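Enquirer: give me a model of this one.
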Amino acid sequence: MRIAPTKLETFRDDFSYTNSDFAIERFPFPFPQDDYMYSVNIEPHTLPGPVDSVYEHLIDVDEHYLSEMRERSLVLEEMPKRCLAMPHMELACWDMIDRCMTTMAEDYPEWFSLTKNGDQWHWHNKLLKIEDTFTFGDSSTLPMPPMEYMGRQVQGDFALLDQRDGDLFMDAGVVTCPADWSIAFDAGMGFKEWHGPVPMANEMGIFDRALKYLCAIPVNRPVRRLNWTLTVNARMDTSPETYSKWGSDRTTLTPENIGKKIYLRVELQMMDRMPRSNALMMSIRTYLASMEDLCSNPEWARRLHRVMKGLPQPLVEYKGLTRYHPMLVEWLSQFDPVN
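Expert: As a prediction, the model looks like this:
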């Protein structure tokens, strides 16, 4: 049964973030087999998904909601440019408001409500104690720009991709918990440009196939994929802008603490076509679980060892694992009888 978001945790300084047993059980474990292989791995996001899973609804609201919204507020106070929208993306931002508010009110009526009377809308976020009446499409009736207003109320990062000339351009977004990338840097880039640092994929033709697939997504047919990396400590914001705060975390690892301090960071990336603007809404919902938490599941523990042991070196380097990868593989070997 889904746990109500009542606790406040931190993703910085003392790192008080913890997962309940339920959160570990529903964690989107990204490795379907012992050998890791690059692939597009896009599939339909059929709704509703399995009950209580991260795939049940379009937007997953879980026990960490209040904590993640507090972290977003802290980041935006420090760096307001982590939320941006180019002028031509105004309609897409309102599309996002409609999609998010409508589905959240339908899927979590105990926490959110939305009343529509023509263009006059009334929104009540009971968890954050936000209640506003506004005119849909009129930004002056909101307390802040529409992208920021909605972005401060949904877990995960969001990008709005403008589709033109057979490409997708990152022209709006709120990105406060990225895995080593920056919305300020990537803004305005095309699909292959912002994916440029990814090793091996371009040579395998993955980008061409993915772009063609994404450009053909119709309205009301969202798709999803999982992406993963590792991070030291339960830190949400690992952006280039804050590298001075987290870059040295890797030097704190030892064979004794690596199981507690290394977190598997999984992004549930969902792409959904917006009906008015034709933009593609991309949500990047991040889930964190420590190695110790994940290894409480024997099957996951064995697979983690085999996947990490067999990672190609270019991937080890791209994901920033070089310094501690051998130490982690050695620690995981205790869970794999055939190693």
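
Enquirer: gap between Arg82 and Asp186?
Expert: For Arg82, the distance to Asp186 (Cβ to Cβ, to the nearest Å) stands at 12 Å. The C-beta positions use only the backbone N, C-alpha and C, and glycine is treated the same way.

Enquirer: the more surrounded of those two?
Expert: Counted by other Cβ atoms under 10 Å, Arg82 and Asp186 do not tie: Arg82 has more neighbours, with 24 against 19.

Enquirer: show the contacting residues for that one.
Expert: Shown in contact with Arg82 (Cβ atoms under 8 Å, 6 or more residues apart in numbering): 75-76, 174-176, 183-184, 239, 241.

Enquirer: of the residues you listed, which one scores lowest on pLDDT?
Expert: Among the contacts of Arg82, Ala184 carries the lowest pLDDT, at 84.

Enquirer: and what about that residue, helix, strand or coil?
Expert: Assigned by DSSP: H, G, I helix; E, B strand; the rest coil, the conformation of Ala184 is helix.

Enquirer: the nearest residue to it once chain neighbours are set aside: what secondary structure?
Expert: Once its chain neighbours are removed from consideration, Ala184 has its nearest residue in Lys81; the separation is 5.2 Å (Cβ to Cβ, 6 or more residues apart in numbering). The three-state label given to Lys81 by three-state DSSP is helix.

Enquirer: per-residue pLDDT of Lys81, please?
Expert: Model confidence at Lys81, given as pLDDT, is 94.

Enquirer: repeat that for Met1.
Expert: The pLDDT attached to Met1 in the predicted structure is 69.

Enquirer: mind jotting down where the strands sit in the stretch 151-300 of the chain?
Expert: Shown for the stretch 151-300 of the chain, the strands assigned by DSSP state E, counting those that start in this stretch span residues 157-164, 167-174, 223-232, 262-273, 280-290.

Enquirer: I'd like the ones you listed as JSON lines, with mean neighbour count and distance to Phe15 appended.
Expert: As requested, those are exported to JSON lines (neighbours: other Cβ atoms under 10 Å; distance: least, Cβ to Cβ, whole Å):
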{"stretch": "strand 157-164", "mean neighbour count": "21", "distance to Phe15": "20"}
{"stretch": "strand 167-174", "mean neighbour count": "23", "distance to Phe15": "23"}
{"stretch": "strand 223-232", "mean neighbour count": "19", "distance to Phe15": "10"}
{"stretch": "strand 262-273", "mean neighbour count": "22", "distance to Phe15": "10"}
{"stretch": "strand 280-290", "mean neighbour count": "22", "distance to Phe15": "10"}
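
Enquirer: looking at those, which is nearest to Gly310?
Expert: Judged by Cβ to Cβ, the one of these that comes nearest to Gly310 is strand 223-232, at 14.6 Å.

Enquirer: which residues touch that closest one?
Expert: 28, 30, 40-45, 55, 179-180, 213-214, 217, 238, 246, 249-250, 252-253, 261-271, 288, 319-321, 324, 328.
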